[in-house]
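Trainee: below are the sequence and a predicted model; questions follow.
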Amino acid sequence: MPHEADIPEIRQIFLSATAQDCRTYREAVRDFIHDNIEQAKVFLQENWAEGGQFVEDVCKRKVDECDAYMGLFGYRYGWIPPNRQYSITELEFRWAVDRWGPGEAPIFVLRPIPGSEADQHLRDQADVIHAKQPVAEAAADRAAQQQFLARVDQWAGSGIILAPYRNQLQLVGKALSCIKDWNQELLRRAPRERFQAPGDINRDELGRIGRKTQIDALQDALNALRDRRSERAAAFLIHGPANHGQPEFVEFLRNWDDEWDDMDICYGQPTEPDSAESLICWACSQLGEPLLGEPTIDALAGLLATRLAGRSVVLILRTVGREANRLALFQQRFWQPLHDALASRCAGWKGRLYCFIADHAPLAEPPPAGFRTDDIAADDVDYRQILALPPLGQIAAHEVCNWLKALRKRAGVRLDEDECYAIANYATTTGGNPPDVYYYLNLHGFWSRAR
């Protein structure tokens, strides 16, 4: 049942800072907030670093779990994770900006006033660490930090709370004020949220039913792509009449563990699905490195080039757009320019880019320019085109039955032959329209009984 949610006041704060040079100040902020706000918890790296896990994954999860982000920036850029363009500190900032968006958000940036006691302290601490590094490495770190701070200053103009301070006492006082003032404003607004429960059968399981033709065609196309060593990217179209199971098939692709082993999966849709710029911002955000500047194909290609050097990436869009010319817009303004930009950077890559777009209408016959429907695994495929999978269609009783029989290995569902046929016939009594089949399968209730 829907219920009233708690007021989302700040209780957990992600404090981002380079550890060694900012150690004294970040620990002072933590202790002062803990002493003055009973319910508050400030997370530093040593609180959430977990053995055996990737640092990036743990950091991003903590940013997503916390109620606020606080950036304490000095004069070191810090460690850059493998296959990344930015340091872990800048990534944390970008993740926070992406999570809460522009304008008013629980993002607080603490910066020393130039020439102040705090400014000199942080410079001195950074110099100590830079002195231990090779000269070129130290210079590169200083330059990268200046560029990062310039990006922070530019973004701060769109609503981030920027708190300048002169010394440690001012720092802890302003950090505390940021949290208290924010909570008081939230208490006055008292927002409410509502939640709904999901259905019984997982949508990715429903997306398998009756889709052997599409899955086999896709598998053949992927194998053909991998045989062409010089090709590093391909895009595929999922299409069919409206309400023919596009959302469920997309969910299946998202969770296709047999195929996407150890790859970065990016799933969802941009705010404005017909806009190439919105799509670029969405893709960068999904890849964990949100843009702060102009959304350009070149910016996305640069990010992908860094990532694909070490692993493959899968982009899955729930919809290609709403405009009448949405397919042409995607192919001409996004995919073809991106493919060309990636081709100029592909030397030495280990990974590939796989892009999937879903359209909730049948593809025109003949297909528009830039789309291919026949023999998408052939040697003459031009990967600047969008490769269209066979259209999604009705679901027959024997296809439901085959799916039910396969569930024993995959999901632990045990059904005898007679029950499989009974459920399959029941699910297709009103025809094979996918939403009806899914509805009757859930209505039957076998999933919860058989597991």
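Mentor: On my side now, so go ahead.
Trainee: name the SS class of Ala369, please.
Mentor: coil (DSSP: H, G, I helix; E, B strand; the rest coil).
Trainee: which residue is the nearest non-sequential neighbour of it?
Mentor: Closest residue in space to Ala369, ignoring its immediate chain neighbours: Ala328 at 7.6 Å, by C-beta to C-beta, 6 or more residues apart in numbering. For every residue, glycine as well, the C-beta is placed using N, CA and C.
Trainee: okay but Asp340 is in contact with Arg384, surely?
Mentor: Yes: in this structure Asp340 lies within contact range of Arg384 using C-beta atoms under 8 Å: 7.1 Å.
Trainee: which one's more surrounded, these two?
Mentor: Legend: neighbour count by other C-beta atoms under 10 Å for Asp340 and Arg384, higher for Arg384 (17 against 12).
Trainee: what about that one, distance to Val29?
Mentor: Going from Arg384 to Val29 by C-beta to C-beta, to the nearest Å gives 51 Å.
Trainee: also Ala406?
Mentor: Separation of Ala406 from Val29 (C-beta to C-beta): 55 Å.
Trainee: neighbour-wise, which of those two wins?
Mentor: Neighbour comparison, Ala406 and Val29: the larger count goes to Val29, with 24 against 14 (by other C-beta under 10 Å).
Trainee: enumerate every residue touching the more buried one.
Mentor: Counting by C-beta atoms under 8 Å, 6 or more residues apart in numbering, Val29 makes contact with 15, 42, 70, 72, 110, 171-172, 175.
Trainee: which pLDDT value belongs to it?
Mentor: Confidence at Val29, expressed as pLDDT, is 93.
Trainee: let me see the domain layout of the protein.
Mentor: The chain breaks down by automatic domain parsing into domains covering 12-189, 203-388, 397-450.
Trainee: which residue is nearest the centroid of the chain?
Mentor: Gln286 (2.6 Å; C-alpha atoms, centre = their mean).
Trainee: how about that one, what does it touch?
Mentor: Contacts of Gln286 (C-beta under 8 Å, 6+ apart): 266-268, 315.
Trainee: tell me how far the residue lying closest to Ala17 once chain neighbours are set aside lies from Tyr25.
Mentor: Distances taken as C-beta to C-beta, 6+ apart put Leu72 closest to Ala17, at 4.0 Å, once the chain neighbours are dropped. Computed as C-beta to C-beta, the Leu72 to Tyr25 distance reads 6 Å.
Trainee: same list, the contacts of Gln286, but as JSON lines with distance to Ala105, neighbour count and pLDDT please.
Mentor: Listed next are these as JSON lines, based on distance: C-beta to C-beta, whole Å; neighbours: other C-beta atoms under 10 Å; pLDDT from 0 to 100:
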{"residue": "Cys266", "distance to Ala105": "23", "neighbour count": "19", "pLDDT": "91"}
{"residue": "Tyr267", "distance to Ala105": "24", "neighbour count": "16", "pLDDT": "91"}
{"residue": "Gly268", "distance to Ala105": "20", "neighbour count": "15", "pLDDT": "90"}
{"residue": "Leu315", "distance to Ala105": "26", "neighbour count": "23", "pLDDT": "96"}
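Trainee: quick one: which of these sit in strands?
Mentor: Per DSSP state E, strands hold the following members of these: 266-268, 315.
Trainee: CA atoms only for stretch 218-228, dumped as PDB, please.
Mentor: Extracted C-alpha coordinates of stretch 218-228, given in PDB (Å, rounded to 0.1, in the frame of the first residue of the first chain):
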ATOM      1  CA  LEU A 218      21.100 -10.700 -32.200                       C
ATOM      2  CA  GLN A 219      23.500 -13.400 -31.100                       C
ATOM      3  CA  ASP A 220      24.600 -14.000 -34.700                       C
ATOM      4  CA  ALA A 221      25.100 -10.300 -35.300                       C
ATOM      5  CA  LEU A 222      27.200  -9.900 -32.100                       C
ATOM      6  CA  ASN A 223      29.400 -12.900 -33.200                       C
ATOM      7  CA  ALA A 224      29.900 -11.400 -36.600                       C
ATOM      8  CA  LEU A 225      30.900  -8.100 -35.100                       C
ATOM      9  CA  ARG A 226      33.500  -9.700 -32.900                       C
ATOM     10  CA  ASP A 227      34.900 -11.600 -35.800                       C
ATOM     11  CA  ARG A 228      35.600  -8.200 -37.500                       C
END
